[in-house]
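A.B. asks: Need coordinates for the below:
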Amino acid sequence: MTGTWHFNELHPGDKTREPIQGEFFSTDAIQNPAEALVREGIQNSLDAKRNGELVRVRIYISGVEGSLPADKHNKYFEGSWEHFKAERNGLKDVPLPTENCPFLVYEDFGTTGLQGDIYQWHETTGVKNSFFYFFRAEGRSGKSELDRGRWGVGKYVFPRSSRVSSFLGVTARADDGKRLLMGQAVLKTHHVAEKHYSPDGYLGILSGNGLMLPIESSDFIKTSFQDFKLKRNTDPGLSIIVPWYDLDINDIMLAEAVIRGYFYSILAGELIVTIATPAKETILEKATLLATIETHYPQLGQELSSLIELTKWALSVRMSGVDVLNISPLEKAAEWRKDLIPDTLLLQMRQKLEAGDRIAVRVPVSVKEKGKEPKQSFFDVFLVRNGGDENERPFFIREGIIVSDIRSPRTRGIQSIVIADDKPLATFLGDSENPAHTQWQKDGSNFKGKYVHGPALLNFVIKSVTSIIQIMNEDRQEEDKTILTDIFSLPPQDEEDLSKTQIKESSQQEGKKNTVPKPPKPPKPSNKPKFKVQKIGGGFSVTKGDCEISLPMVLDIKVAYDVRKGNPINKYNEEDFNLNQVPVSIVPLGVEIKEVKANHMIIYVVQTDFSLMVSGFDEHRDLYVKVVEKEYDSD
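C.D. replies: Numbering: from 1, shown residues only. Next up is the predicted model:
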């Protein structure tokens, strides 16, 4: 049997649904559909790795020139077109059945394939069934805490990339050797000929009890291999076919997404990725990765070459061992203190930093899930002073995944990597990730309330690089004021300003008696600010600080949306906003606005109790604000 598409009719009491799982991948940190597809697909492949195997991924795009003609693709969409053409089904730009079908193929090798009982239709505690969770579960994952994924929505990157919001899955199973084919569509609740249908449609064989079963016909599956250029054969793994894929996705975009998201796994020898079209093939592997980037993707190479070199060094150093810091007291929340770094090691680190040498340290931590015994774990920090003057954030890598949107404090002229792949901490961090695996969030449903001192440990990891640098810069005769950023950013509410980081002196230093009294130090100038910059809904405010001011006070204000790398002010885009145009609104109180243009304004504070409210910005993007006091010019 070749199978047909089937959608279930709605019954009284059924909920009208408009699935939004694909929107989990519409974030600033994921730039395009190719990046979402690559990040989620490869993560799932790494989780499905067979013991002792190297994971190999192949992504093929047909382009228009390699499209499947209608006489060949119609057999895969029998029974679907009336649903694809239904009103208000969520689809836009639906192809005609007579159109050629450009397609994208994602295949993995060295994996288990979708294993488990194909007749299972509900979740069963203690039963692992990747076939069930892939095709029949929504927002549920059969993965354990040892896996990279958590949310059970990663598969939706595939229909999200299709004009008919559908995909076909062909799996070869490692346990029983079977090859199975099944399709899935994710529309909205819709109606066809006065009948109302649920969003989910399936290609397969309809059983007597209404359960859709996969196609096992060897001839039909063999034909699908030929039509869609699959390389599966009998090798265990999963092949996913995305029909009428988004033609904005090209091979360069896919390759760059692989490099950005998984350069670490490739360099670690855990992953090889092939990007193919009808005309060419690009292989991204450990031995030739940097050369491939520099030859074919020079702009990306310029951005990542030094980071890749640091990563290669980090991998080699991890094999030989790295210096280990002291661990925070187990009974207390983790916090950065000077005594976490042994004195001898601290001196060595300072010398290396000055000389431009690379630094590698291992940070021990204790992870305690509520109601369970604490587990000892660690993460590794690698950094080097690169001589640049850009404000950079560390790269955070959790079990081979680049977690690309961690809003850690910035460092100037420092390149750094934080690697967390020891299971207790990696599980802890994975629980805090959003569905797109781009952020660590203390309020996520998989994380909040699960761990003892969980937010403190999360903050400890996020601020590790800047805290280590701050400790290295303490007590020096000439403080290096260029190494920590001096630009004030308005990050999420839970991120404290770097200046509030508590670096406590070692308890070993306390209680020491000095036989020769030191002369009293001159009083330090007040640290109280003259003004405060705070986040408000859709913008920011500048208000009176805790220190007396002389009037008039001149404030120079520059604004931009935050960026992953570099100085946001320098990368301001006029298309983002203009302070002089709607929807931006400026409400002054006790100030005179002297100049406003693009992302820059100058104000004169003329009353002691003043405020400036600026709103109308995109609330889904982080705002970056720099406020500097200027000398008053009476002219």
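
A.B. asks: which SSE is Lys558 in?
C.D. replies: Using DSSP states H and E, Lys558 maps to strand 553-561.

A.B. asks: quick one: strands adjacent to that strand?
C.D. replies: The pairing partners recorded for strand 553-561 under DSSP bridges are strand 600-605 (antiparallel), strand 623-630 (antiparallel).

A.B. asks: Would you convert these into JSON lines that also reports mean pLDDT?
C.D. replies: What follows is the strands paired with strand 553-561, written out as JSON lines (pLDDT from 0 to 100):
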{"stretch": "strand 600-605", "mean pLDDT": "92"}
{"stretch": "strand 623-630", "mean pLDDT": "90"}
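
A.B. asks: Break this structure into its domains for me.
C.D. replies: 4-27+44-247, 321-500, 531-630 (automatic domain parsing).

A.B. asks: any idea of the mean pLDDT in the second one?
C.D. replies: The predicted model assigns domain 321-500 a mean pLDDT of 83.

A.B. asks: and if you look at the first one?
C.D. replies: Averaging the model's pLDDT scores along domain 4-27+44-247 yields 87.

A.B. asks: residues near Ala257, how many?
C.D. replies: 25 (other CB atoms under 10 Å). In this view, the C-beta of every residue, glycine as well, is placed from N, C-alpha and C.

A.B. asks: And it, its phi and psi?
C.D. replies: Phi and psi for Ala257, reported as degrees, to the nearest 10, are phi -60, psi -40.

A.B. asks: For it, list the residues it contacts.
C.D. replies: 32, 34-35, 37-39 (CB atoms under 8 Å, 6 or more residues apart in numbering).

A.B. asks: Between those residues, which sits nearest Gly208?
C.D. replies: Leu37 (36.2 Å; CB to CB).

A.B. asks: Just say helix, strand or coil for the residue lying closest to the closest one once chain neighbours are set aside.
C.D. replies: Counting by CB to CB, 6 or more residues apart in numbering, the nearest residue to Leu37 once its immediate chain neighbours are dropped is Val157, at 4.6 Å. At Val157 the chain is in helix, as set by DSSP: H, G, I helix; E, B strand; the rest coil.

A.B. asks: how close does Val157 sit to Ala456?
C.D. replies: 33 Å (CB to CB, to the nearest Å).

A.B. asks: How about Val38?
C.D. replies: For Val38, the distance to Ala456 - CB to CB - is 33 Å.

A.B. asks: now do Ile221
C.D. replies: In terms of CB to CB, Ile221 sits 52 Å off from Ala456.

A.B. asks: any idea how far Ser305 is from Pro298?
C.D. replies: For Ser305, the distance to Pro298 - CB to CB - is 10 Å.

A.B. asks: Serialize the domains of the chain to CSV and add fields for distance to Gly261 and mean neighbour count.
C.D. replies: CSV is the format used below for the domains of the chain (distance: least, CB to CB, whole Å; neighbours: other CB atoms under 10 Å):
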stretch, distance to Gly261, mean neighbour count
domain 4-27+44-247, 11, 18
domain 321-500, 5, 18
domain 531-630, 13, 16
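
A.B. asks: Tabulate those (TSV), appending distance to Thr292.
C.D. replies: Listed next are the domains of the chain as TSV, based on distance: least, CB to CB, whole Å:
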stretch	distance to Thr292
domain 4-27+44-247	15
domain 321-500	18
domain 531-630	21
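
A.B. asks: closest one to Ser265 among those domains?
C.D. replies: domain 321-500 (3.9 Å).

A.B. asks: distance between the closest one and the chain's centre?
C.D. replies: 17 Å (CA atoms, centre = their mean, to the nearest Å).

A.B. asks: just stretch 171-182 next, same as before
C.D. replies: 31 Å.

A.B. asks: who touches that stretch?
C.D. replies: Applying CB under 8 Å, 6+ apart, the set of residues contacting stretch 171-182 is 3, 50, 111-115, 118, 131, 135, 168-170, 202-204, 212-216, 218, 220-221, 224, 232-239.

A.B. asks: can you map out the helices along the stretch 151-300 of the chain?
C.D. replies: Secondary structure of the stretch 151-300 of the chain (DSSP state H, counting those that start in this stretch): helices at 157-160, 218-227, 251-267, 289-296, 298-320.

A.B. asks: Can you spell out which helices and strands pack onto the first one?
C.D. replies: For helix 157-160, the packing partners by 3 or more CB pairs under 8 Å, 6 or more residues apart in numbering; DSSP states H and E come out as helix 33-47, strand 166-172, strand 179-186, strand 237-243.

A.B. asks: and the gap between the residue nearest to the spatial centre of the chain and Asp248?
C.D. replies: The centre of the chain sits closest to Thr438, judged by CA atoms, centre = their mean, with a distance of 1.6 Å. Distance, Thr438 to Asp248, using CB to CB: 21 Å.

A.B. asks: what does Met182 give?
C.D. replies: From Met182 to Asp248 the distance is 27 Å (CB to CB).

A.B. asks: about what we covered before: settle it for me: which of Ser305 and Pro298 has more neighbours?
C.D. replies: Ser305 (14 against 11).

A.B. asks: check contacts around that one.
C.D. replies: Counted by CB under 8 Å, 6+ apart, Ser305 has contacts 290, 293-294.

A.B. asks: now Lys571, nearest residue through space, not along the chain?
C.D. replies: Val563 is the one closest to Lys571 (CB to CB, 6+ apart), at 5.2 Å.

A.B. asks: three-state assignment of the one you found?
C.D. replies: Using three-state DSSP, the secondary structure recorded for Val563 is coil.

A.B. asks: could we number from 46 for the rest of this?
C.D. replies: Shifting the count to begin at 46 puts that one at Val608.

A.B. asks: Can you tell me how far it is from Gly214?
C.D. replies: 37 Å.

A.B. asks: Show me what the strand or helix carrying Ser512 is packed up against.
C.D. replies: Element membership for Ser512, per DSSP H and E: helix 509-518. Here helix 509-518 touches helix 388-400, strand 420-430, strand 456-457, strand 459-465, going by 3+ CB pairs under 8 Å, 6+ apart.

A.B. asks: Tabulate these in a markdown table, adding columns for distance to Arg62.
C.D. replies: Shown next, in a markdown table, are those (distance: least, CB to CB, whole Å):
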| stretch | distance to Arg62 |
| --- | --- |
| helix 388-400 | 55 |
| strand 420-430 | 40 |
| strand 456-457 | 46 |
| strand 459-465 | 37 |
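
A.B. asks: so which of these comes closest to Asp488?
C.D. replies: strand 459-465 (20.0 Å).

A.B. asks: what's in contact with the closest one?
C.D. replies: By CB under 8 Å, 6+ apart, strand 459-465 touches 309, 351-352, 355-356, 359, 363, 424-431, 437, 439-444, 471, 474, 506, 509-510, 514, 528.

A.B. asks: Need phi/psi at Glu637.
C.D. replies: Torsion angles, degrees, to the nearest 10, at Glu637: phi -110, psi 130.

A.B. asks: What distance do you get for it to Ser630?
C.D. replies: For Glu637, the distance to Ser630 - CB to CB - is 17 Å.

A.B. asks: swap in Ile462?
C.D. replies: 41 Å.

A.B. asks: what do you get for Lys495?
C.D. replies: Taking CB to CB, one finds Lys495 at 41 Å from Ser630.

A.B. asks: Following element in sequence after the strand holding Lys603, please.
C.D. replies: strand 630-634.

A.B. asks: What's the mean pLDDT across that next one?
C.D. replies: Mean predicted confidence for strand 630-634 is 85.

A.B. asks: Please name the strands paired to it in the sheet, noting orientation.
C.D. replies: Partners of strand 630-634 in its sheet, by DSSP bridges: strand 656-660 (antiparallel).

A.B. asks: Report the backbone C-alpha coordinates of the partner strand in PDB.
C.D. replies: Provided in PDB are the C-alpha atoms of strand 656-660 (Å, rounded to 0.1, in the frame of the first residue of the first chain):
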ATOM      1  CA  SER A 656      13.400  62.900  34.500                       C
ATOM      2  CA  LEU A 657      13.500  61.900  30.800                       C
ATOM      3  CA  MET A 658      11.200  59.100  29.600                       C
ATOM      4  CA  VAL A 659      12.000  57.700  26.100                       C
ATOM      5  CA  SER A 660       9.700  54.900  24.800                       C
END
